[in-house]
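Trainee: make a model of this:
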Amino acid sequence: MRYIEPHAHMVSRTTDDYEAMVTAGCAAVCEPAFWAGFDRGSVEGFRDYFCQLTDYEPKRAAKFGLPHFSWLCINPKESENVSLAREVLSIIPEFLQKPNVLGIGEIGLNKNTRNEILILEEHIQLAVNHNQLILVHTPHLEDKFKGTNLIIDVLKAHSAVKPERVIIDHVEEHTYRQVLDHGFWAGLTLYPESKCSPARAIDIVEAAHLNNIWMNCACDWGISRPLAVPHTALEMRRRGYSASSIDHLIFGNPLRFLSQNPRFKLP
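Mentor: Sure thing, here's the model as predicted:
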C-alpha cells in the first residue's frame, strides 16, 4: 500500500512517527503552517517558524527517506490580531520560491469573526497574486457549518480563484456536499476523538464519491494518530473496496491535486 499524507503537523511529532509512516507506505508528507499551541508575539517568530518548515523539517524527514512539503500562512486563531497578521503576510513571498512550498495554508476561520474574514480575504489575494494552491481550515463544532459557508462565499466572490486549486479541509457530514458542489476539493481529517473516525470518513466517501476527496491525519500536539490514513484503508478493505479504489483515494487523489504545483514531485 502507498499513500500521501497531505496534512500533517510534523514539527509536533517524534522521529519515530516519520519512521512508522514510511514503513506503512507513506510516499510524501505535506505540512501546513498551523497554531503552535499559543499565540506567537512577533513577525520574527513567524519568520523562524517558516524557516523551520522550509529548511529544517525537510532535512529531518529526508533522514527517513520521506519527501516533506509545506504550506505557509498565519493560522486563523492568530489572525484576530490584524496588524500582526499583515506583517506575517508581508514576509510570506520571501518563502514562496522554496522548493518544498506548495501554496498558502491552512487559512480559513476559527470563530467566524470579521477580523478572521478580513485576513482570509488577504490570504486569498496573496495566493492569487502568486498563483498558489490554497488549503483551507474550517472551524470546529458548532461554528463549522456557518464558517464553511462563509469561506465558500469569500472564495466564490474572488473571480480569480479556481475551485479545482482549493482544498477545504475538515469537512464532516453536514459540510462536505456544499464544498464538492461548488467545485472545491474536500478534506476528511482523521482524529481518534475530535474529528472523523475511519468509519465516519468512509461513510462520507460512500455518500459522496471517490473523486475530489482526500483523507489526512492532521496529527498535532493533542491526541492524534500519524497512521490514521493506512488504518482507514484497512477499514475500506473490510468493507470490500478493491485495491485500486483504495489507491485512488489515498494516493491518486492527493497526487492529482498536489501535482497542480510543479514542485510536487515524488522520487
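Trainee: quick check: beta-bridge partners of the spatially closest residue to residue 61 that is not a sequence neighbour?
Mentor: Among residues not flanking residue 61 along the chain, residue 68 sits closest, at 3.7 Å (Cβ to Cβ, 6 or more residues apart in numbering). All C-beta atoms are positioned from the backbone trio N, CA, C, and that covers glycine. Residue 68 has these beta-bridge partners by DSSP bridges: residue 29.
Trainee: burial check on residue 68, number of neighbours?
Mentor: Other residues lying near residue 68 total 23 when counted by other Cβ atoms under 10 Å.
Trainee: ok, it - contacts?
Mentor: Applying Cβ atoms under 8 Å, 6 or more residues apart in numbering to residue 68 gives the contacts 10, 28-31, 57-58, 60-62, 100.
Trainee: kindly recompute the last result at 10 Å.
Mentor: Counting by Cβ atoms under 10 Å, 6 or more residues apart in numbering, residue 68 touches 5, 8, 10, 18, 28-31, 53-54, 56-62, 100.
Trainee: mind checking which of these are in strands?
Mentor: Per DSSP state E, strands hold the following members of the contacts of residue 68: 5, 28-31.
Trainee: can I get the residues you listed in CSV with neighbour count?
Mentor: Shown next, in CSV, are the ones in strands among the contacts of residue 68 (neighbours: other Cβ atoms under 10 Å):
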residue, neighbour count
5, 30
28, 24
29, 29
30, 25
31, 28
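Trainee: got those as JSON lines, with distance to residue 216 and pLDDT columns?
Mentor: Compiled in JSON lines, these are given as follows (distance: Cβ to Cβ, whole Å; pLDDT from 0 to 100):
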{"residue": "5", "distance to residue 216": "6", "pLDDT": "97"}
{"residue": "28", "distance to residue 216": "12", "pLDDT": "98"}
{"residue": "29", "distance to residue 216": "10", "pLDDT": "97"}
{"residue": "30", "distance to residue 216": "8", "pLDDT": "97"}
{"residue": "31", "distance to residue 216": "11", "pLDDT": "96"}
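Trainee: which two among those residues are spaced furthest apart?
Mentor: Spatial extent of those (Cβ to Cβ) is set by the pair 28 and 31 at 10.5 Å.
Trainee: what sits in contact with each of those two?
Mentor: 5-6, 61, 68-69, 100.
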